[in-house]
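Peer 1: Here is a sequence with its predicted model. Questions after.
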Amino acid sequence: MRFNDKVAIVTGGASGIGRATVLKLAGEGAKVAINDVNLEWAKRVADEVITAGGAAMVAPANVTVRSEVAAMVEAVLKQFGRLDVLVANAGITRDAFTVRKTKDGQIKMMTDEQWDAVLNVNLKGTWLCCQAAAVPMMEQNSGKMSLTASFGMLGNMGQANYAASKAGIVGLTRTLALEFARYKINVNCVAPGATKTPMTATIPEDLVKRLIDKVPLHRMAEPEEIANVHAFLVSEEASYMTGQCLLVDGGDTLGV
Ligand SMILES: NC(=O)c1ccc[n+]([C@@H]2O[C@H](COP(=O)([O-])OP(=O)(O)OC[C@H]3O[C@@H](n4cnc5c(N)ncnc54)[C@H](O)[C@@H]3O)[C@@H](O)[C@H]2O)c1
């Protein structure tokens, strides 16, 4: 098993892609700390892992709060003794709404609150988790991080905040890869296409149809298909990869 004796933190591990990644890593031998702000769902995922014979703990923290992130890493070290893997997956959307139509098209208005919320969770939260996780990894002189961008980083109507945060993840990945290489820590990221999770469950049916119509593979991703790529990136199989972003989007962005 690829992750025997490895300890992993998955942020946003209570739902969707995070949950699938927890189950994948635990299924291949990792002891997994499930971070989330939704502790009820996180506990449910931990119970799933433990029922299947694996090892898991709930690691509460709002990823935007430095002190909570530091306490999370401390709790994981206390419980499992080391830290080998970080999958920084926690993320949110707060899309702009249409305020009026002009003869030239729609005007989208984004509030400061929407901008700050998304940049804080998606970009600052990822950065804080990487910084905190790097401390024990640097001491061990080993570690793997997989961050979460999105095909939305290429630009999406109403998602200036989300696109900026996810494009920022690519810059963060490349910079941390440079800074952490001397400590044998690999840093890469996954950019999923539209994936069937609670995040996309509220998209109106006609919009989902339009989304799928332009995907060459003609469907949304299952969360497990994204989890598989996170697992690859934090495994020894990706030992010579660092600073890279893998688009996992069914071909959606081909030809763009
Ligand atoms: N679903 C998609 O189509 C899609 C596409 C591209 C990228 N992504 C990215 O994949 C990641 C996972 O998305 P998902 O679709 O599984 O979403 P999801 O909403 O199912 O899960 C996200 C989890 O993050 C947690 N979370 C939110 N804010 C947090 C915070 N401050 N601290 C800790 N946990 C927090 C939520 O409680 C939730 O459990 C996100 O980064 C998202 O941007 C998703």
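Peer 2: Okay, I see it. Numbers count the residues shown, from 1 in each chain.
Peer 1: Near the residue nearest to G13 when sequence neighbours are not counted, how many other residues are there?
Peer 2: Excluding its sequence neighbours, the residue lying closest to G13 (Cβ to Cβ, 6 or more residues apart in numbering) is I34, at 3.8 Å. For glycine as for every other residue, the C-beta is placed from the backbone atoms N, C-alpha and C. As a burial measure, I34 scores 30 neighbours (other Cβ atoms under 10 Å).
Peer 1: Paired strands for the helix or strand hosting I34, with orientation please.
Peer 2: Element membership for I34 (DSSP states H and E) is strand 31-36. Strand 31-36 pairs in its sheet with strand 7-10 (parallel), strand 55-60 (parallel), by DSSP bridges.
Peer 1: Quick check: which of these has the most neighbours on average?
Peer 2: Greatest average neighbour count among the strands paired with strand 31-36 goes to strand 7-10 (a mean of 29), per mean count of other Cβ atoms under 10 Å.
Peer 1: Tell me how far it lies from the chain's centre.
Peer 2: Mean-position distance between strand 7-10 and its chain equals 12 Å (Cα atoms, centre = their mean, to the nearest Å).
Peer 1: For it, list the C-alpha coordinates in CSV.
Peer 2: The C-alpha trace of strand 7-10 is given here as CSV (Å, rounded to 0.1, in the frame of the first residue of the first chain):
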residue,chain,number,x,y,z
VAL,A,7,0.3,10.6,8.2
ALA,A,8,-1.8,13.0,6.1
ILE,A,9,-3.9,16.1,6.7
VAL,A,10,-6.8,16.7,4.3
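Peer 1: what is the rounded mean pLDDT of the following helix or strand past it?
Peer 2: Heading C-terminal from strand 7-10, the first helix or strand you meet, by DSSP H and E, is helix 16-27. Per-residue pLDDT values across helix 16-27 average out to 98.
Peer 1: ok, and what's touching helix 16-27?
Peer 2: 3, 6, 8, 10-13, 32, 34, 36, 41, 45, 48-49, 52, 54-56, 85, 87, 89-90, 148, 192, 195, 197-199, 222-224, 226-228, 230-231, 234 (Cβ atoms under 8 Å, 6 or more residues apart in numbering).
Peer 1: So which bits of the stretch 51-200 of the chain are right by the ligand?
Peer 2: 62-64, 89-92, 121, 125, 148, 150, 192, 194-195, 197-200 (Cβ under 6 Å from any ligand atom).
Peer 1: try it again with 5 Å
Peer 2: 62-63, 89-91, 121, 148, 150, 192, 194-195, 197-200 (Cβ under 5 Å from any ligand atom).
Peer 1: From the centroid of the chain, which residue is nearest?
Peer 2: Nearest to the geometric centre of the chain sits N89, at 1.8 Å (Cα atoms, centre = their mean).
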